[in-house]
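Participant: Here is a sequence with its predicted model. Questions after.
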Amino acid sequence: MKMRINKAVVLAIPFVIIAFVAGSYFARWFGVILGGIILMVILFFLELEEEYRLRAKRKPKPKVRSDFERMVALIEKSKKGKVAREIISDEIKEIYALISEDYTQEFYKLQNNPNRALRVLKSEGDFLKNLRKALEIVEVDLNENRGSS
């Protein structure tokens, strides 16, 4: 049978020792005040730790999604939403801007004068089919750029 020691007993032992060992009235009161301050600090931090544990149990941690999962969700939303389509369009512009020598200039150039892939992406019809065609064009352009480097 395991014997469990109560935390309160362990915390009280130093004060009991001070009460019997300390000779003068002043030393006893000083020990009591010092002990009270120590207990207050210990109990305060125990209370904070308990509150932190309770909060951690209450709030579920948000699920961290990979870039692939985010992009899949974005493509699913692009079937209906214009904002998601613009985000995908910006991603394609970023690809072209990254392979160019001047990122900012290329990005804004594509903003004002879209290339073939962006025109295909924004053309009428099924957006997902247009996206597939645009990505094929981007792939060809990337392979051409890699070969010229």
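Facilitator: Looks like it arrived, so ask away.

Participant: separation between residue 138 and residue 115?
Facilitator: As judged by CB to CB, to the nearest Å, residue 138 and residue 115 stand 9 Å apart. The way it works is simple: take the backbone N, C-alpha and C, and place the C-beta from them, glycine included.

Participant: ok, then the element right after the helix or strand of the chain with the lowest mean pLDDT?
Facilitator: When each helix and strand of the chain is scored by mean pLDDT, DSSP states H and E, helix 7-21 comes last, with a mean of 73. Later in the chain than helix 7-21, the nearest helix or strand by DSSP states H and E is helix 25-58.

Participant: so how far is stretch 92-111 off the chain centroid?
Facilitator: Distance, stretch centre to chain centre, for stretch 92-111: 28 Å (CA atoms, centre = their mean, to the nearest Å).

Participant: Just say helix, strand or coil for the most centrally placed residue in the chain.
Facilitator: The centroid of the chain falls nearest to residue 64 when counting by CA atoms, centre = their mean (7.5 Å). At residue 64 the chain is in coil, as set by DSSP: H, G, I helix; E, B strand; the rest coil.

Participant: From residue 70, how far out is it?
Facilitator: To residue 70, residue 64 is 10 Å away according to CB to CB.

Participant: ditto for residue 107
Facilitator: Counting by CB to CB, the separation of residue 107 from residue 70 is 21 Å.

Participant: Please apply the same query to residue 45.
Facilitator: Counting by CB to CB, the separation of residue 45 from residue 70 is 40 Å.

Participant: mind showing which ranges of the chain have poor pLDDT?
Facilitator: The chain contains residues with pLDDT under 70 at 1-8, 54, 56, 58-59, 61, 147-149.

Participant: Mind doing that once more with 90?
Facilitator: 1-82, 84-85, 87-88, 91-92, 95-108, 110-112, 121-128, 141-149 (pLDDT under 90).

Participant: ok, and what's touching stretch 141-148?
Facilitator: If you take CB atoms under 8 Å, 6 or more residues apart in numbering as the criterion, stretch 141-148 is touched by 95, 96, 99, 117.

Participant: between these, which has the most around it?
Facilitator: residue 117 (25 neighbours; other CB atoms under 10 Å).

Participant: In the helix or strand hosting that one, which residues are buried?
Facilitator: Assigned by DSSP H and E, residue 117 belongs to helix 116-122. Under the neighbour-count criterion of 16 or more other CB atoms under 10 Å, helix 116-122 has 117, 118, 120, 121 buried.
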